[in-house]
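Engineer: Provided below are the primary sequence and the corresponding predicted coordinates.
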Amino acid sequence: MPIEVRRLSGAMGAEIFGVDLSQKLSDERWKEIRAAYNEHLAIFFPDQHLLPPHIIAFVERFGTPSIHPYLKPVNKDYPFVHELRKEPSHTINYGGAWHTDFTFVEKPNSANALYARITPEYGGDTMFANLYLAYDALSEGMKKLFDGVRLLSATGAFLDLVKVSPVVRDDTYEHLKNVPPAAHPVFRTIPETGRKCLYIDPGAALSFENMTVEESRPIINYLIALVQRPEFQFRYRWRPDVFGIWDNRCLIHYAVNDYPGQLRVMHRMSVVDTERPR
Ligand SMILES: [Fe+2]
């Protein structure tokens, strides 16, 4: 039986049924899943029962696992799996603004995965926006003007978050404060699809290379507004035991902080690109 893929919105997103991720996947099954990922960009597998080694075995098929430099692991035997825990007493959350992960380094994460352990009764959704669709919506003039231009991404908003976040390691701010911006193409091509996307991280975009912040900012503001158009968005409501993975190269995401006083616990794992965005 092939997997069942149920599309969730016009912009992206699908739920996948008919596969148990705690079992070893055949190559054929993996090909189906990878094809669904390339097409839907954010895929979710309800009713999974996964321990950290299962999460690692599956996510490793998407690329090289990364040890998060600032979050604590779930268990010291499994350094690739980190816990994102928002206690009822926490007022701020992790990732509560539009961003992609780690654009301020030369090789940002290529995929992020979350496994929902405890979800609030309501709220705590993750929102996504599709950067392929944002690129497609640009005029031919803009595509030509910014072809080959690079955008500098800085720690900016992330640095502000780690100053106050209760879930990061204590030395995070010290580690991050002197990290220089990284330059990435404004338009990047995803090798598996051959499609271009508008590669902009609203939390990190600083300026275009060889341009001032003042010159860049109005255009960056326009591009950030563009990528947030409702038609390009998708919002996922988590339930316990859902495993999700999304393409961090061509999506931005936003962890919605709308569940004060409730507990939310997710296990998180990422894979990192082996080459720089092109
Ligand atoms: Fe994130």
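Structural biologist: Structure's in. What do you need?
Engineer: can I assume Cys197 is in contact with Leu138?
Structural biologist: No: here Cys197 does not reach Leu138: they are 10.8 Å apart, not a contact under CB atoms under 8 Å. All C-beta spots, glycine's among them, are computed from the backbone N, C-alpha and C.
Engineer: Looking at the two, which one has more neighbours?
Structural biologist: Neighbour count, other CB atoms under 10 Å: between Cys197 and Leu138, Cys197 has more, with 25 against 17.
Engineer: how much space between the spatially most central residue of the chain and Leu131?
Structural biologist: For the chain, Asn248 is the residue whose C-alpha lies nearest the centre (CA atoms, centre = their mean; 4.1 Å). According to CB to CB, to the nearest Å, Asn248 and Leu131 sit 10 Å apart.
Engineer: for Arg150, same thing?
Structural biologist: 16 Å.
Engineer: ok, those two, which is more surrounded?
Structural biologist: For Arg150 versus Leu131, neighbours defined as other CB under 10 Å are more numerous around Leu131 (29 against 16).
Engineer: what sits against that one?
Structural biologist: For Leu131, the contact set (CB atoms under 8 Å, 6 or more residues apart in numbering) comprises 197-200, 227, 250-252.
Engineer: same thing but 10 Å
Structural biologist: Contact partners of Leu131, counting by CB atoms under 10 Å, 6 or more residues apart in numbering, are 41, 100, 187-188, 190, 195-201, 223, 226-227, 232, 247, 249-252.
Engineer: What are the phi and psi values at it?
Structural biologist: phi -80, psi -20 (degrees, to the nearest 10).
Engineer: residues in the protein within reach of the ion, list them.
Structural biologist: In this structure, the chain approaches the ion at residues 95, 101, judged by CB under 5 Å from the ion.
Engineer: For Asn248 and Leu131, list the residues in contact with both.
Structural biologist: Between them, Asn248 and Leu131 share these contacting residues under CB under 10 Å, 6+ apart: 41, 100, 201.
Engineer: pLDDT score assigned to the second one?
Structural biologist: As summarised for this prediction, Thr100 has a pLDDT of 95.
Engineer: what about it, neighbour count?
Structural biologist: Neighbours of Thr100 (other CB under 10 Å): 25.
Engineer: got the CA positions of the least confident helix or strand in the chain by mean pLDDT in CSV?
Structural biologist: The helix or strand of the chain with the poorest confidence is helix 156-164; it has a mean of 83 (mean pLDDT, DSSP states H and E). The C-alpha atoms that make up helix 156-164 are tabulated as CSV, following Å, rounded to 0.1, in the frame of the first residue of the first chain:
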residue,chain,number,x,y,z
GLY,A,156,19.5,40.5,15.3
ALA,A,157,16.1,39.3,16.5
PHE,A,158,17.6,36.0,17.6
LEU,A,159,20.0,37.8,19.9
ASP,A,160,17.2,39.7,21.4
LEU,A,161,15.3,36.4,22.0
VAL,A,162,18.2,34.6,23.7
LYS,A,163,18.7,37.4,26.2
VAL,A,164,15.3,36.6,27.7
